[in-house]
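> Pasting the sequence and the predicted coordinates here, then a few questions.
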Amino acid sequence: MEFAIENTWDSNPVDHDPIRIVFSDGKAGLKMEVFGPFFNDPAAPPVEPGLSFPGLWNYEVVESFFLDSTTENYLEVELCPHGQHLILLLSGVHHAFMQQLPMMFTTTTTGDTWKGEALIPWSYFPPNVNKMNSYAIHGSGEERTYEALFAVPKEDLVEGQQPDFHRLEYFKNFRLQSIMGEDWVQPESDLWKGKA
């Protein structure tokens, strides 16, 4: 299953080749591959590749969110072309109850493009995922650019509005079974116990 991030958060077309995200069966979890331009702006986070880094959203990053809209439980996965990652488990908008979980993630950079490959363990996903959205951020200062797979429609924008990737009402329908097969049953996870 492949997606391309072709718009900014406020529904303008991006001015570069779109970042592509591919989801597939990783057996022990969901495989997430990212392909896209490497802006190298801002500079790399101050930790080595392969490690989790809090506040990764302040750097160059691609993010995917997986939501159970009936409970507002959702998983946020952030991937940086420099090799760092960040996982957040949220119960309620902006309310992270667990973060910096470990994950297998590797990147390769070739000139001005990069590829990342992550394996997101099934235990990180909330039960009953039914919606998702993905985002990309790059640039510094006035050049900071926020992009969204499912952007805020022009008619919903209000003056002075800032990008907020936790606007769950703009997420679109998504089922893990559409990747894993209709008979697939999501493994239960102790991480989400009591978060109904």
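Perfect, I can see it now.

> So which residues of this protein form helices?
Counting by DSSP state H, one finds helices in the chain at the ranges 177-180.

> so where's it uncertain?
Along the chain, no part satisfies pLDDT under 70.

> same thing but 80
Counting by pLDDT under 80, the chain has low-confidence residues at 196.

> tell me the residue furthest from the middle of this protein?
Within the chain, Glu159 marks the point farthest from the mean C-alpha position, 26.4 Å out by Cα atoms, centre = their mean.

> Phi, psi for that residue please.
Glu159 adopts backbone torsions of phi -60, psi 130, taken as degrees, to the nearest 10.

> So what sits opposite Asn73 in the bridge?
The residues listed as beta-bridge partners of Asn73 by DSSP bridges are Asp68, Ser91.

> Any idea how many residues pack against it?
Other residues near Asn73 number 23, with proximity taken as other Cβ atoms under 10 Å. Quick note: C-beta positions are derived from backbone N, CA and C, even for glycine.

> Could you check how far it is from Thr145?
Distance of Asn73 to Thr145, computed by Cβ to Cβ, to the nearest Å: 29 Å.

> again with Glu72
Using Cβ to Cβ, one obtains 27 Å as the distance from Glu72 to Thr145.

> Please identify which of these two sits among more neighbours.
In this view Glu72 and Thr145 are compared by other Cβ under 10 Å, and Thr145 has more residues nearby, 19 against 16.

> Quick check: chain neighbours aside, which residue is closest to the more buried one?
In space, and not counting its chain neighbours, Thr145 is closest to Gly139: 4.6 Å by Cβ to Cβ, 6 or more residues apart in numbering.

> Give the full set of residues in contact with that neighbour.
With contact taken as Cβ atoms under 8 Å, 6 or more residues apart in numbering, Gly139 is in contact with 39, 41-42, 145.
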